[in-house]
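Student: sequence-free structure coming up:
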């Protein structure tokens, strides 16, 4: 158990819909990272938050957005969903040390029909 | 730009045999290097990491990896594979500085273990 909690574990929805994925980082970790894992693209970095502020953006579509709340949990919002958005979405947190090691949740598997 | 190449998409070994998974990276400075393992339906678990110092690093479950700067490689090894090692393995490179924690992953190597 990494200590990172993601909900829901599975989600099935239709094209054009909007979903929200939730992540709680490990206790005490300030940084949250979102990654997308798909067959086409592999594991891709989406976005990073640190103590409520956006720190870095990767290959995140404009239809996607995220935020980190004062209690440090984070949400990834995916809108106008397309078939190609079907993927496993991981959240990870990084400890306060300077090592760059990430602790991953078990992921949220999104299926868009 | 940073990138990671795992040349072997799928490897099959017999239980008890030795294992080496290859990883090459592209990065302009000394990277942070990681190996993660993903079992079906599970998240990514860290096997080992390299930040600095000794280029041979030991990890969990009997795995080790060696950083070779001249070859831009970070190959993962295990002397004797167990059936429970069957999983997908990902090599990743991390950058230093303000984007610490942003990892670039390879496409993964799927390991099958024959009994």
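Tutor: That came through, no problem. If you're wondering where the values come from, they're calculated on a predicted model, not measured in any experiment. Numbering: from 1, shown residues only, chains lettered A, B, ... in the order given.
Student: pLDDT below threshold where in chain A?
Tutor: Scanning chain A for pLDDT under 70 picks out the ranges A:98.
Student: who does the most centrally placed residue in chain A form a beta bridge with?
Tutor: Geometric centre of chain A, nearest residue: residue A:34, 3.3 Å, by Cα atoms, centre = their mean. Per DSSP bridges, the residues bridged to residue A:34 are residue A:47, residue A:91.
Student: how far away is it from chain B?
Tutor: For residue A:34, the distance to chain B equals 11 Å [Cβ to the nearest Cβ, to the nearest Å]. (Each C-beta comes from the backbone N, C-alpha and C, glycine too.)
Student: in contact with residue 105, which residues?
Tutor: All of this refers to chain A. Contact analysis of residue A:105 by Cβ atoms under 8 Å, 6 or more residues apart in numbering or on different chains lists A:2, A:4-6, A:23, A:90-92, B:43.
Student: you looked at the wrong chain, it should be chain B
Tutor: Counting by Cβ under 8 Å, 6+ apart, residue B:105 makes contact with A:42-43, B:4, B:36, B:90-92.
Student: for those residues, pick the one with the most neighbours.
Tutor: Among the contacts of residue B:105, the one with the most neighbours (other Cβ atoms under 10 Å in any protein chain shown) is residue B:91, at 29 neighbours.
Student: who's in contact with the helix or strand harbouring that residue?
Tutor: Following DSSP states H and E, one finds residue B:91 within strand B:87-94. With Cβ under 8 Å, 6+ apart as the contact definition, strand B:87-94 has outside contacts at A:43, A:100, B:2-4, B:6, B:21, B:23, B:25, B:27, B:31-40, B:44, B:47, B:74, B:76, B:100-106, B:108-111.
Student: one more time with 7 Å, if that's ok
Tutor: The contact list for strand B:87-94 (Cβ atoms under 7 Å, 6 or more residues apart in numbering or on different chains) reads A:43, A:100, B:2, B:4, B:6, B:21, B:23, B:25, B:27, B:31-39, B:44, B:74, B:76, B:100-106, B:108-111.
Student: buried ones among these?
Tutor: Of the members of the contacts of strand B:87-94, the ones counted as buried by neighbours, 16 or more other Cβ atoms under 10 Å in any protein chain shown, are A:43, A:100, B:2, B:4, B:6, B:21, B:23, B:25, B:27, B:31-38, B:44, B:74, B:76, B:100-106, B:108-109, B:111.
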